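Colleague: Quick one, structure for this:
(one chain, ligands or ions: 3)
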Amino acid sequence: MLCRRLACLYFGSRCLLSRPVGHNVSWQHSLKKTVPIVTCRHYTATESLTCSWHLHEDHLELHYSDSCMRFDYVWLRDHCRSASCYNTKTNQRSLDTASVDLDIRPKQVRNDETTLYITWPDDHISRYGFAWLLKNSFEGQPHQTIQPRILWNAEIYKQAQMPSVTFKNFLETEDGVRDFLKTFLLYGLAFVEEVPATKEDTEIVAQRVSLIRETIYGRMWDFTSDFSRGDTAYTKLALDRHTDTTYFQEPCSMQLFHCLRHEGTGGRTLLVDGFYAAQEVLHKYPEDFELLCKVPLRHEYIEHVRECHNHMVGIGPILNVYPWNNELYLIRYNNYDRAVINTVPYNTVRRWYAAHRALTTELRRPENEFWVKLKPGKVMFVDNWRVLHGREAFTGYRQLCGCYLNRDDVLNAARLLGLQA
Ligand SMILES: C[N+](C)(C)CCCC[C@H](N)C(=O)O
Ligand SMILES: O=C(O)CCC(=O)C(=O)O
Ligand SMILES: [Fe+2]
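Modeller: Ligands and ions are numbered 1, 2, ... in the order given. Take a look at the predicted model:
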């Protein structure tokens, strides 16, 4: 998985936040005093669930279910689930965290088979189930990855033979939409087939998994090569691989395309897994990868065509990783829309161009390209935070419709169907 590699290869020992595998001591505490002040061992009914805890200067150490967990006292007070601190109807905190003494220490601690009880200096009592603590501790997190993915080149993608779902199954069955979302989350690409070739039916497909994200292009858009908007997408020209809306502060993350008509030649769609390419850069040139993560760039959309007047600006690095586990979550790559570089001093500019070249080389390898001809009936969902798209030049009349989707709402739908997202 990419993130694991990121953690080890990219930052290596330089990254304070990379977690050692199978560790007992987390980085926060390795620097602090860890002299036990109170220790207790408790045998629960089942031998295997022996629990023991030690009170240290500033944290509680808990051994439970083969795990060693460390909880900061402020964290424990802040996560009290008593009725006055937490509203279980709304799943919201009521406690004012700013009112917690940052040097707080328990007055008394005890436990029974299932629960740890802490009495605080003001006699407030907090109860924490051991299972809850295990599930919510830093050490007990089962997945280092937020989003499990299968990175692909053309061969991997074709070998996987991911099935498309039909319009009927997608709309009428929960399995249909779940299987679809599973594929989409793993590959950043998924198809629905047998969709009636209308904008209205395409909208129904979109709304099955998300709320539509309205942008300067409208809600549901539909376009041909009439240059009705000031962008090359509205011509017959070829478009090299890119992600869309790089000039938004938060680029659109999911994109849906449906080719409603094409009478002519060419116009095939090109797809490339940007995370696969980024991973190749990470392995071959880790410093280039790091630079692509660090250097912020401006992207811009300036339009004055007929009544459409827009000037959008987005600033951010090409590669974006979560700071706590170095997992890649967003690639912003569009050489057409990249604006003047004025966010980088001269002595970094050349290194950045070299890093950009390394990534471009990977993105352009023919073996990484997956080509598909979009036809009426076939709706394509692309994760625009990960998979780049492009198109071949074409002749004749070609009409596409589609929309952008809110990422949060797609992921929400996936979680409600039991998927990890
Ligand atoms: C998809 N739709 C035709 C509505 C918009 C196309 C946007 C094109 C722009 N250069 C970009 O890459 O963001
Ligand atoms: O015409 C196409 O197939 C895609 C054009 C494009 O890149 C876009 O609309 O975002
Ligand atoms: Fe595009």
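Colleague: Enumerate the residues of this protein near ligand 1.
Modeller: The interface of the chain toward ligand 1, taken as CB under 6 Å from any ligand atom, is made up of Tyr217, Trp221, Phe223, Asp231, Ala233, His242, Asp244, Thr245, Asn334, Tyr336, Asp337. Where you see a C-beta, it was placed from the backbone N, CA and C, and this is true even at glycine.
Colleague: Quick check: phi and psi on the fifth one?
Modeller: To tie it back to what came earlier, the one meant is Ala233. phi -60, psi -30 (degrees, to the nearest 10).
Colleague: Tell me where the model's unsure across the stretch 301-421 of the chain.
Modeller: For the stretch 301-421 of the chain, no stretch is flagged by pLDDT under 70.
Colleague: Please repeat the previous calculation with a cut-off of 90.
Modeller: Low-confidence segments of the stretch 301-421 of the chain (pLDDT under 90): 324-325.
Colleague: For Ile125, grab the count of nearby residues.
Modeller: Neighbourhood size, Ile125 [other CB atoms under 10 Å]: 12.
Colleague: got the contact list for it?
Modeller: The neighbours of Ile125, taking CB atoms under 8 Å, 6 or more residues apart in numbering as the test, are Ser82, Tyr117, Ile118, Thr119.
Colleague: quick one: pLDDT of the second one?
Modeller: What the model reports for Tyr117 is a pLDDT of 98.
Colleague: picking up where we left off before, with the residues of the chain next to ligand 1 in mind, which one is nearest to ligand 2?
Modeller: For these, the closest approach to ligand 2 (CB to the nearest ligand atom) belongs to Ala233, at 3.9 Å.
Colleague: Surely that closest one and Leu239 touch.
Modeller: Yes. Contact criterion CB atoms under 8 Å: Ala233 and Leu239 qualify, at 6.7 Å.
Colleague: with the residues of the chain next to ligand 1 in mind, which one is nearest to Glu113?
Modeller: Glu113 lies nearest to Thr245 out of these, by CB to CB, at 53.8 Å.
Colleague: all helices for the stretch 151-300 of the chain, in order.
Modeller: Secondary structure of the stretch 151-300 of the chain (DSSP state H, counting those that start in this stretch): helices located at 154-160, 167-172, 174-187, 199-209, 274-284, 286-294.
Colleague: With only the CA atoms kept, save the longest one in CSV.
Modeller: What follows is the C-alpha trace of helix 174-187 in CSV, where atoms were taken according to Å, rounded to 0.1, in the frame of the first residue of the first chain:
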residue,chain,number,x,y,z
GLU,A,174,-28.1,-1.9,-2.5
ASP,A,175,-25.5,-4.5,-3.6
GLY,A,176,-25.3,-2.8,-7.0
VAL,A,177,-24.4,0.5,-5.6
ARG,A,178,-22.1,-1.0,-2.9
ASP,A,179,-20.1,-3.0,-5.4
PHE,A,180,-19.9,0.0,-7.6
LEU,A,181,-18.6,2.2,-4.8
LYS,A,182,-16.2,-0.4,-3.7
THR,A,183,-14.6,-0.5,-7.2
PHE,A,184,-14.6,3.2,-7.4
LEU,A,185,-12.9,3.7,-4.0
LEU,A,186,-10.2,1.1,-4.9
TYR,A,187,-9.4,2.2,-8.4
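Colleague: neighbouring contacts of it?
Modeller: 147-150, 152, 157, 160, 162-163, 165-166, 168-170, 189-190, 192, 208-209, 273, 381, 383, 387, 410, 413-414, 417-421.
Colleague: Quick check on these: which are buried?
Modeller: 147, 149-150, 152, 157, 162, 165-166, 169-170, 189-190, 192, 208-209, 273, 381, 383, 387, 410, 413-414, 417, 419, 421 (16 or more other CB atoms under 10 Å).
Colleague: What count of nearby residues applies to the nearest residue to Glu287 once chain neighbours are set aside?
Modeller: Distances taken as CB to CB, 6 or more residues apart in numbering put Ala355 closest to Glu287, at 7.7 Å, once the chain neighbours are dropped. Close neighbours of Ala355, defined as other CB under 10 Å, add up to 24.
Colleague: Spit out the contact partners of Ala355.
Modeller: Val281, Tyr285, Glu287, Asp288, Phe289, Leu291, Leu292, Val295 are the contacts of Ala355 under CB under 8 Å, 6+ apart.
Colleague: try Val340
Modeller: With the criterion set at CB under 8 Å, 6+ apart, Val340 makes contact with Arg298.
Colleague: let's see 10 Å
Modeller: Leu297, Arg298, Glu300 (CB atoms under 10 Å, 6 or more residues apart in numbering).
Colleague: So the first one versus ligand 2, what's the distance?
Modeller: Between Leu297 and ligand 2 the distance is 19 Å, computed by CB to the nearest ligand atom, to the nearest Å.
Colleague: is that residue in a bridge, and if so with what?
Modeller: On the basis of DSSP bridges, Leu297 takes part in beta bridges with Gly316.
Colleague: how many neighbours does it have?
Modeller: 22.
Colleague: And Glu367, by the same measure?
Modeller: Neighbours of Glu367 using other CB under 10 Å come to 8.
Colleague: residues of the helix or strand where the residue nearest to Glu287 lies that come out buried?
Modeller: Per DSSP states H and E: Ala355 is located in helix 346-364. By 16+ other CB under 10 Å, the buried positions in helix 346-364 come out as Trp352, Ala355, His356, Ala358, Leu359, Glu362, Leu363.
Colleague: Can you list the strands that the next helix-or-strand element following it pairs with?
Modeller: Next along the chain after helix 346-364, taking DSSP H and E as the criterion, comes strand 370-372. Looking at strand 370-372 with DSSP bridges, its partner strands are strand 269-273 (antiparallel).
Colleague: Just the CA trace of the partner strand, in PDB.
Modeller: Provided in PDB are the C-alpha atoms of strand 269-273 (Å, rounded to 0.1, in the frame of the first residue of the first chain):
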ATOM      1  CA  THR A 269     -10.700   9.000 -23.400                       C
ATOM      2  CA  LEU A 270      -7.400   8.600 -21.700                       C
ATOM      3  CA  LEU A 271      -7.100   7.700 -18.000                       C
ATOM      4  CA  VAL A 272      -4.000   7.500 -15.900                       C
ATOM      5  CA  ASP A 273      -3.700   6.600 -12.200                       C
END
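Colleague: where in the stretch 101-250 of the chain is pLDDT low?
Modeller: Ranges of the stretch 101-250 of the chain meeting pLDDT under 90: 140-145.
Colleague: Just the element for Ala414, please.
Modeller: Counting by DSSP H and E, Ala414 is part of helix 407-416.
Colleague: My understanding was that Met153 contacts Gly274; is that so?
Modeller: Just to correct that, residue 153 is Asn rather than Met. No. Taking CB atoms under 10 Å as the definition, Asn153 is not a contact partner of Gly274, at 11.8 Å.
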